[in-house]
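Enquirer: for reference, the sequence and a predicted model appear below.
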2 protein chains.
Amino acid sequence: MASHSSWSARTLAHFRRGGKLEPFRLLKQDARNIRSRWVSDWTIFNQLVVASAVYVFFTNILPGITFASDLYVLTGRSWGTIEVVFSTGLCGVIFAVFSAQPLTILGVTGPFSVLAENLYELCNDSFKVPFLPVMAWSLIHSAWMHYLLAIFNAHDWTMQYVTDFSADIFSLLNSIIYFHKAAMELKRTHEQMPLDSFLYAMIGAIGTCLVGILLSTATKWKPLFGRLIRMGLSEYAAAISIILFIGIPYIGDLADLDHGRLAVQTSFRPTNPDRGVFFVRFWELPVEWVFISIIPGAIITILFYFDHEISSIICTVDRYGVKKPGGYAWDVALLGTTTALCGILGIPPANGLLPQAPLHSESLRHWVVEEDQVVDPDSEESDARANLVPRVYEQRYSHFAQAAMILVFVSPPFQRVLGFTPTSVLAGLFMFMGYQSLSVNPMLARFFHLLTPPSELPALPAGVGWGGVHAYTVTQIAVTVGIFAVTLTVAAPGFPLLIIILVPVRLCVMNRVWGKETLRFVDGWACREGKPEDDGMLGGDEGVVGGGGDLEGGGERSKSQ
Amino acid sequence: MASHSSWSARTLAHFRRGGKLEPFRLLKQDARNIRSRWVSDWTIFNQLVVASAVYVFFTNILPGITFASDLYVLTGRSWGTIEVVFSTGLCGVIFAVFSAQPLTILGVTGPFSVLAENLYELCNDSFKVPFLPVMAWSLIHSAWMHYLLAIFNAHDWTMQYVTDFSADIFSLLNSIIYFHKAAMELKRTHEQMPLDSFLYAMIGAIGTCLVGILLSTATKWKPLFGRLIRMGLSEYAAAISIILFIGIPYIGDLADLDHGRLAVQTSFRPTNPDRGVFFVRFWELPVEWVFISIIPGAIITILFYFDHEISSIICTVDRYGVKKPGGYAWDVALLGTTTALCGILGIPPANGLLPQAPLHSESLRHWVVEEDQVVDPDSEESDARANLVPRVYEQRYSHFAQAAMILVFVSPPFQRVLGFTPTSVLAGLFMFMGYQSLSVNPMLARFFHLLTPPSELPALPAGVGWGGVHAYTVTQIAVTVGIFAVTLTVAAPGFPLLIIILVPVRLCVMNRVWGKETLRFVDGWACREGKPEDDGMLGGDEGVVGGGGDLEGGGERSKSQ
């Protein structure tokens, strides 16, 4: 009895002021954070912001449309291009204005599409209930679950323990998924089109990717062109390449060729001809189904919560030098709201999108001289040589602009423009995104180290050996490949759970296999430029492992809250 | 009378000891030079030599075979693949052993092919005389003309005045010709093949070129793979790419596609079925035609003399840091001998080949610490940072090996292997060679400077302005384009003469348009790494302009004699 009452007392203590589950603790903190940053988010502006908006626009809308074509078939025409574009634009505009972390780009994700397709099959084939009202209720249930997660500070007792180990794996997984999607797109062309169309599709896809990569190196072309032109070519690399390869199939003999192009709609109304407006009469569902919808609602909540949080984490990792506070709890509550709204409108809900969210940060990154560094006023050279640190333009314009542009593409004339895009350009864009995402992943450098003889490898800190580092890298790659294999099965919607399981595995199991110094070295090695992070961050990280109850000293991850 | 006798005396003085035309002066000097280097040419060996031989083998035999297919049609089947391969191999082996400058690679050139085709037309259509005996006599006449040029030191009173101005233009012209040949090869595929074959040809050509370029950067991939693997990938870049893209058309659906492949022969005998052996009964020609052949003989002599000399000059320019003496007069005499030999064998004669000769030097180039530099023994860093200077492995193995390999490909089984090569790979190789040749051409950097705003251009030496430099660059480009236009007309075989005319234009006319400092800056700027040459060389160059009679102080060009 004594032990039971002490257990109850300890449980209740979590809900008290300063406790783990103290209601609204994080939400209040996030609200303060938003007040401290919101006005300044609209006063920062730079040409990089425009370039970033254009880049994110293309990388968001074009993949979204391919998901849409799958959805169209697998939800019995309940959803199509217009629903996906509408949702991406609407949720994007809302998050651009009201979110705590405007770097996190939103879109309709692949895992959600798979989940929705399974739910449609159950509704339509097994239970003979209408799909859209069930989905609407699922999303409404999901909303209050999101609110609960926000109110009870779920971020603190879950995501704080995510280290680079999981973030790197999730990022690599996204690169692999995009390369795989590119290959699937080309395979489909190969199967459905004559050989000449397929051969041109290879040229279009590889061309889009390579021209994009080539142009993205333009900043290093000095002395060729002016600085502004070099920057422009580099920042608009993907857009220039996409537009170029949208045009090429109209030239000469290529115009006579069959080109697979994006399937779009040409009027602003729901895809399904039975629906007149974007609104679901959700109250007309039998009452038992209102309750049964709690089950898919819970699955969607888990998916959205983890997907959105991990997107926010990866787009604010250390290498971007994000300075302003974000607000995970606030954004989860906002995500619940937009999710319910999408349910009622009868469109698929959007959430944090990978790799678009970190690519957004990447496209806004620039370098500044470290603030606290004393620059010798007599020597201009020491100024130039000073250690540069990364910064991101933390503002709301780029998020807002890309979402607004996407919303414009709901209108029929713009839909027609989208319809000019060959699927080969899409495959090329997928490869480009996969490459961009992979090239900044620290696992790539460590994979290269696996292939390098020990004599040529760089020096390691004391207590760290290449054997341990290599084993860690091989483990990460094996885990990634395993999770990727799962995404190819019916269990695909569950893959965020696998990423989550990695967190306790990293914190509890891996500490027994690898030494502390090795984990400090590889798990904090997030900087693309190859300089290992300073120990401060990892000190915090290790602190979490040691004293899990310390909520305020939450290491690196809490920086951007 | 007095002035006449003084003129005769002065003319005769040229033939006396130390005079401009003193017979055998250069030949004797060259013979001494060969004695001083020949043994050491066989004692230097390095793995780079093997890589160079493989690279030159591919870049020599494959383009040669395309010339052969033109020759086959336009000489009424007098010459085909086997004659071109035989000549390239035979002349190569002879020059590898006996030449004074083993860096100069030989092959059957485009201009000679055009000349031979015109001569065939005249013999066959207009005068009804047998082509091969006329060609044999032309080449025999050409031989003694070569000997005269060698005996009377022609190199000294012609080539010594060639500056970078002409060499850069000739080098750029070769890049353009190769890009144009690649485009023509693909155009032919487009016209003669179905669209799918053409689309694959584009993939094969661009793929061969890009994979070659990518692999050639392997030395910069550190840390990835070991140093030896990186070097191997880089040195064998073209060979790996060629073999890869020879294999790809046999994969999957591509195997069913029509691929244009190199046309080869499958027995070791002359192409023309009327000929049994490689020997021309040249004495059976009517005697008047023996004399008439002096005219084509003279044209061939001019062509070969200038082409071979310019090839030797460009493959020993300053940026390769060639140290051993060559021997222009000796090589001209040797060229006369092989030319007559080819005439009697009834095969097309080979001579110095661009851009293969400088690409040969390029592939043998490495960097050493400057010999006379004092390295601080206490500081390892200053050693690493020391100024590196270029050197070339000056030996006879790479020249000999590539020629011997080519000679092996005269045999039927190896001819069959050559026949696996798609013409698209050839187009890709042409682009790769054009790119390689262009990337080390100083005009490229200056062309980029044309497109750069003045504020971002590097600083210039005193007395030099960007206006003058830009005007010089534009002039060079305009001249190159003009000469290229000539190569597309019937006047094509005369194009080496245009290059030669540039020499007096540079020395006499351009000195009035551009200031001395500007010419010193742009005309001595031969180093790829962008560091302008030291003034020593240009001092010598200017010396030539000032006092043209000074034979010994002949500036940079005489270094490698």
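Expert: Perfect, I can see it now.

Enquirer: pull up the gap between the most centrally placed residue in chain A and chain B, please.
Expert: With distances taken as Cα atoms, centre = their mean, the residue of chain A nearest its centroid is A:Leu354 (2.3 Å). Plainly put, A:Leu354 is 27 Å away from chain B if you go by Cβ to the nearest Cβ, to the nearest Å. C-beta: built from backbone N, CA, C; applies to glycine.

Enquirer: try A:Gln47
Expert: 17 Å.

Enquirer: where does the stretch 351-500 of chain A have low pLDDT?
Expert: A:370-386, A:492-494, A:496 (pLDDT under 70).

Enquirer: can you give me the strands in it?
Expert: Taking DSSP state E, counting those that start in this stretch as the test, the strands found in the stretch 351-500 of chain A are A:351-352, A:365-369, A:388-392.

Enquirer: returning to that earlier point: isn't the residue nearest to the centre of chain A right up against A:Ala167?
Expert: No. Contact between A:Leu354 and A:Ala167 fails when scored by Cβ atoms under 8 Å: they sit 10.3 Å apart.

Enquirer: residues that sit against both of these two, list them.
Expert: Residues touching both A:Leu354 and A:Ala167 (Cβ atoms under 8 Å, 6 or more residues apart in numbering or on different chains) are A:Ile310, A:Ile314.

Enquirer: element containing the residue nearest to A:Ile406 when sequence neighbours are not counted, please.
Expert: Nearest residue to A:Ile406, sequence neighbours excluded (Cβ to Cβ, 6 or more residues apart in numbering or on different chains): A:Gly89, at 3.9 Å. Using DSSP states H and E, A:Gly89 falls within helix A:81-98.

Enquirer: dump that helix to PDB, restricted to CA.
Expert: What follows is helix A:81-98, C-alpha atoms only, in PDB (Å, rounded to 0.1, in the frame of the first residue of the first chain):
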ATOM      1  CA  THR A  81      -4.400  16.000 -58.300                       C
ATOM      2  CA  ILE A  82      -6.600  18.900 -57.300                       C
ATOM      3  CA  GLU A  83      -7.200  17.600 -53.700                       C
ATOM      4  CA  VAL A  84      -3.400  17.100 -53.200                       C
ATOM      5  CA  VAL A  85      -2.500  20.500 -54.600                       C
ATOM      6  CA  PHE A  86      -5.300  22.200 -52.600                       C
ATOM      7  CA  SER A  87      -4.300  20.600 -49.400                       C
ATOM      8  CA  THR A  88      -0.600  21.300 -49.800                       C
ATOM      9  CA  GLY A  89      -1.300  24.900 -50.600                       C
ATOM     10  CA  LEU A  90      -3.900  25.500 -47.900                       C
ATOM     11  CA  CYS A  91      -1.900  23.800 -45.100                       C
ATOM     12  CA  GLY A  92       1.200  25.500 -46.200                       C
ATOM     13  CA  VAL A  93      -0.300  29.000 -46.100                       C
ATOM     14  CA  ILE A  94      -1.700  28.300 -42.600                       C
ATOM     15  CA  PHE A  95       1.600  27.000 -41.300                       C
ATOM     16  CA  ALA A  96       3.500  29.800 -42.900                       C
ATOM     17  CA  VAL A  97       1.500  32.300 -40.900                       C
ATOM     18  CA  PHE A  98       0.700  30.500 -37.700                       C
END
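
Enquirer: tell me which residues in that helix are buried?
Expert: A:81-96, A:98 (16 or more other Cβ atoms under 10 Å in any protein chain shown).

Enquirer: likewise stretch A:482-490?
Expert: A:Ile483, A:Thr487.

Enquirer: also stretch A:116-129?
Expert: Of the residues in stretch A:116-129, those buried (16+ other Cβ under 10 Å) are A:Ala116, A:Glu117, A:Asn118, A:Leu119, A:Tyr120, A:Cys123, A:Val129.

Enquirer: can you classify the third one by secondary structure?
Expert: At A:Asn118 the chain is in helix, as set by DSSP: H, G, I helix; E, B strand; the rest coil.

Enquirer: name the residues of chain A found near chain B, please.
Expert: A:190, A:194-196, A:198-200, A:202-203, A:210, A:222-227, A:253, A:257, A:448-449, A:451-453, A:455-458 (Cβ under 8 Å from any Cβ of the partner chain).

Enquirer: mind checking which of the residues you listed are in helices?
Expert: A:His190, A:Leu195, A:Asp196, A:Phe198, A:Leu199, A:Tyr200, A:Met202, A:Ile203, A:Leu210, A:Arg227, A:Phe448, A:His449 (DSSP state H).

Enquirer: just for the stretch 151-300 of chain A, where's the confidence low?
Expert: Checking the stretch 151-300 of chain A against pLDDT under 70 turns up nothing.

Enquirer: give me every residue that touches A:Ala31.
Expert: A:Gly327, A:Trp330.

Enquirer: again, but for the one 10 residues further on
Expert: Counting by Cβ under 8 Å, 6+ apart, A:Asp41 makes contact with A:Pro102, A:Lys324, A:Glu394, A:Gln395, A:Arg396.

Enquirer: let's go with 7 Å and repeat that
Expert: A:Pro102, A:Glu394, A:Gln395, A:Arg396 (Cβ atoms under 7 Å, 6 or more residues apart in numbering or on different chains).

Enquirer: next, count neighbours for A:Ser69.
Expert: A:Ser69 is flanked by 16 other residues according to other Cβ atoms under 10 Å in any protein chain shown.

Enquirer: which ones are touching it?
Expert: A:Ala263.

Enquirer: quick one: buried residues of the strand or helix carrying it?
Expert: Taking DSSP H and E as the criterion, A:Ser69 maps to helix A:47-74. Buried residues in helix A:47-74, counting neighbours by 16+ other Cβ under 10 Å, are found at A:48-49, A:51-69, A:71-72, A:74.

Enquirer: what do you get for stretch A:515-523?
Expert: Taking 16+ other Cβ under 10 Å as the criterion, stretch A:515-523 shows A:Thr518, A:Leu519, A:Arg520, A:Phe521, A:Val522, A:Asp523 as buried.

Enquirer: ends of stretch A:502-511, how far apart?
Expert: 13 Å (Cα to Cα, to the nearest Å).

Enquirer: same question but for stretch A:340-349, I mixed them up
Expert: From start residue to end residue, stretch A:340-349 stretches across 8 Å - Cα to Cα.

Enquirer: any idea how far that stretch is from the chain center?
Expert: 20 Å (Cα atoms, centre = their mean, to the nearest Å).

Enquirer: rounded mean pLDDT for it, please.
Expert: Across stretch A:340-349, pLDDT averages out at 94.

Enquirer: ok, residues contacting it?
Expert: Outside of stretch A:340-349, the residues within contact range by Cβ under 7 Å, 6+ apart are A:71, A:79, A:83-84, A:86-87, A:108, A:112, A:116, A:132, A:135-136, A:139-140, A:143, A:270, A:275, A:278-280, A:282, A:338-339.
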